[in-house]
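> sequence and computational prediction follow.
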Amino acid sequence: VDNWWFSYLAIGSAITYWNFARAPGFFDIVCYAGTGSATTQAHNLGVVPQLMLVKNRSSGYFWGVYSSTIGNNNYLVLNTNAASTSNVAFWNNTTPTSSAFSIGTSTSVNNSGNNYVAYLFATLAGVSYVGSYTGTGLTQTINCGFGSGGARFLLIKRTDSKIGRAH
């Protein structure tokens, strides 16, 4: 898999598609078969992933999310408004390296006999930015380093509360 596409359809709106291509330094795609036992998966990002989105392609489990800002003992669920949850069964209490990432025994990231896809992201100056900010409830400017050209894709996920609504 060299490309990744993502679509979004809101009720009453047109479909929107995003397409990503593998690019060392800021985006990689890893497909793997689950074993049910804690293990590592090699990747070709070339740097330490700061964000990983993992989807079980064999069943309807949710998207498991690793973020360096919440650490390797926690996970997020991309497709819900759930807060960050502590569970070492996701990332095996192990921070990713520049060549591999760990998966634990959670069925969302490593069910025996299931197929998975992991999307790995990292910051590359002028191209991509992975980070965090603290919301204040007021208007804020968050500098992602893109200059006047702006970003083409932005993903924001609340980590601290189930309160709020998805946008």
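Yep, that arrived.
> check residue 32 and give its pLDDT.
Residue 32 carries a pLDDT value of 98.
> in three-state terms, label residue 32 for me.
What DSSP: H, G, I helix; E, B strand; the rest coil gives for residue 32 is strand.
> same check on residue 90?
helix.
> you'd agree it is up against residue 75?
Yes: contact criterion Cβ atoms under 8 Å: residue 90 and residue 75 qualify, at 4.2 Å. C-beta here means a position set from N, CA and C on the backbone, and glycine is covered the same way.
> what touches both of these two?
Common neighbours of residue 90 and residue 75, counting by Cβ atoms under 8 Å, 6 or more residues apart in numbering, are 64, 66, 106, 108.
> quick check, nearest of those residues to residue 99?
Among the shared contacts of residue 90 and residue 75, residue 66 lies closest to residue 99 (Cβ to Cβ), at 15.8 Å.
> how close does that closest one get to residue 50?
Separation of residue 66 from residue 50 (Cβ to Cβ, to the nearest Å) stands at 9 Å.
> next one: residue 118
Look at residue 118 and residue 50: by Cβ to Cβ, they are 13 Å apart.
> strands along the protein, start to end?
3-9, 15-21, 27-33, 39-42, 51-56, 64-67, 74-77, 85-86, 100-103, 115-121 (DSSP state E).
> wait, which of those is closest to residue 160?
Nearest of those to residue 160, taken as Cβ to Cβ: strand 74-77 at 10.5 Å.
> check the offset of that closest one from the chain's centre.
Averaging C-alpha positions (Cα atoms, centre = their mean, to the nearest Å) puts strand 74-77 9 Å from its chain's average.
> and it, what other elements does it pack with?
strand 64-67, strand 85-86, helix 88-91 (3 or more Cβ pairs under 8 Å, 6 or more residues apart in numbering; DSSP states H and E).
> and the shortest one, what does it pack against?
Same thing as strand 85-86. With contacts taken as 3+ Cβ pairs under 8 Å, 6+ apart, strand 85-86 sits against strand 74-77.
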